[in-house]
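how would this look folded up:
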Amino acid sequence: MIDIQDLRIAFSGHEVVKGVNLAVARGESFGIVGESGSGKSTVLRALAGLNEDWSGKMLLAGEALPLRRPPGFFRKVQMVFQDPFGSLHPRQTIDRILSEILLVHRMDDIDGRINRALSAVALPQTARFRYPHQLSGGQRQRVAIARALIAEPQVLLLDEPTSALDVSVQAEVLNLLADLREERGLTYVMVSHNLAVIAHLCDRLGVMQSGEMVEQCTAEDLRLGNITHPHTQELRRLSVALEEVEG
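Numbers count the residues shown, from 1 in each chain. Below is the predicted model:
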């Protein structure tokens, strides 16, 4: 579904993504993990069409993606951002937020699609006419997921989708995303600094450090410690230590 070859991105002459290669199969969930500033979110934003200043090659379902995406791309690929409060318009009702994308893509049955989208993310229909500030953080992120799903995309790009949520809510949102992927055959690319979150949702993952993808492995290899790069080993050690402290 996704093929990225020798992706390079520079800001003000400074290269921040350095020849990244990755391939994601249809229906797979691929994670990109790394510390702040490693380049992981920059890769995701370029794939989403939010950064047009890149070189290399990106393909979606075998078709090369241009620097400026055509409108049809955004029916196929949608993004869920880190901060649901920041990504939802504070002065628009949930009804307006969800209907806007349907109007942009000239899709029919707006009323029915909104009702089905709310049901898909386990939100009551009464949420439809509320404002974002009237919802909890977890509910707002469910609205953001519903907005991404309502155009019936094939790919969801997830930028730290649980990092702004309470720990007690994170697992609920991750389980929801896992169920939606299975039900709809979606392809995910998810960025996170949290190895445990990536391992929970993703089949495979790539580790970023200083703009390079230094290692790719399966989630099972990560659990078993079958990893080779020192940075991956250090991230795993820190993740295990954090789990022990929280436990």
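
what about the spatially most central residue of the chain, distance to residue 22?
Centroid-nearest residue in the chain: residue 158, 0.8 Å away (criterion: C-alpha atoms, centre = their mean). Using C-beta to C-beta, to the nearest Å, residue 158 is found at 15 Å from residue 22. Glycine gets a C-beta too; all of them are placed from N, C-alpha and C.

What of residue 237?
Taking C-beta to C-beta, one finds residue 237 at 24 Å from residue 22.

Figure out the helix or strand that residue 156 lives in.
For residue 156, the enclosing helix or strand under DSSP states H and E is strand 155-159.

Give me the mean pLDDT for that strand.
Confidence for strand 155-159, expressed as mean pLDDT, is 95.

Which strands or helices does that strand pack on?
Applying 3 or more C-beta pairs under 8 Å, 6 or more residues apart in numbering; DSSP states H and E, one finds that strand 155-159 contacts helix 40-48, strand 77-80, helix 167-184, strand 187-192.

can you do 10 Å?
strand 29-33, helix 40-48, strand 77-80, helix 137-149, helix 167-184, strand 187-192 (3 or more C-beta pairs under 10 Å, 6 or more residues apart in numbering; DSSP states H and E).

still on that earlier bit, quick one, which of residue 237 and residue 22 is more surrounded?
Taking neighbours as other C-beta atoms under 10 Å, residue 237 and residue 22 compare with residue 22 leading, 19 against 12.

mind checking the end-to-end distance for stretch 183-203?
16 Å (C-alpha to C-alpha, to the nearest Å).

tell me the mean pLDDT for it?
pLDDT averaged over stretch 183-203 gives 91.

Okay, now the unreliable bits of this protein?
Within the chain, the segments meeting pLDDT under 70 span 84, 240-247.

And the helices in it?
40-48, 73-76, 84-87, 94-104, 110-120, 137-149, 167-184, 195-201, 219-224, 230-246 (DSSP state H).

Adding distance to residue 13, write the ones you listed out as a markdown table.
A markdown table is the format used below for the helices of the chain (distance: least, C-beta to C-beta, whole Å):
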| stretch | distance to residue 13 |
| --- | --- |
| helix 40-48 | 15 |
| helix 73-76 | 29 |
| helix 84-87 | 29 |
| helix 94-104 | 35 |
| helix 110-120 | 43 |
| helix 137-149 | 34 |
| helix 167-184 | 37 |
| helix 195-201 | 31 |
| helix 219-224 | 35 |
| helix 230-246 | 25 |
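
Can you say which of those helices is nearest to residue 30?
Taking C-beta to C-beta, helix 195-201 is the member of the helices of the chain nearest to residue 30, at 9.3 Å.

Go ahead and measure how far that closest one is from the middle of the chain.
Using C-alpha atoms, centre = their mean, to the nearest Å, the mean C-alpha position of helix 195-201 is found 13 Å from that of the whole chain.

Over to stretch 63-71?
Counting by C-alpha atoms, centre = their mean, stretch 63-71 is centred 19 Å from the centre of its parent chain.

shift numbering so it begins at 112
Let's use 112 as the start, then, which means that last one is stretch 174-182.

ok so, going back, identify whichever of the helices of the chain lies nearest to residue 178.
That would be helix 151-159 among the helices of the chain, by C-beta to C-beta, at 9.5 Å.

Which of the helices and strands packed on strand 266-270 sits closest to residue 314?
Going by C-beta to C-beta, the one of the helices and strands packed on strand 266-270 nearest residue 314 is strand 140-144, 5.5 Å.

and that closest one, which strands flank it?
strand 298-303 (parallel), strand 315-320 (parallel) (DSSP bridges).
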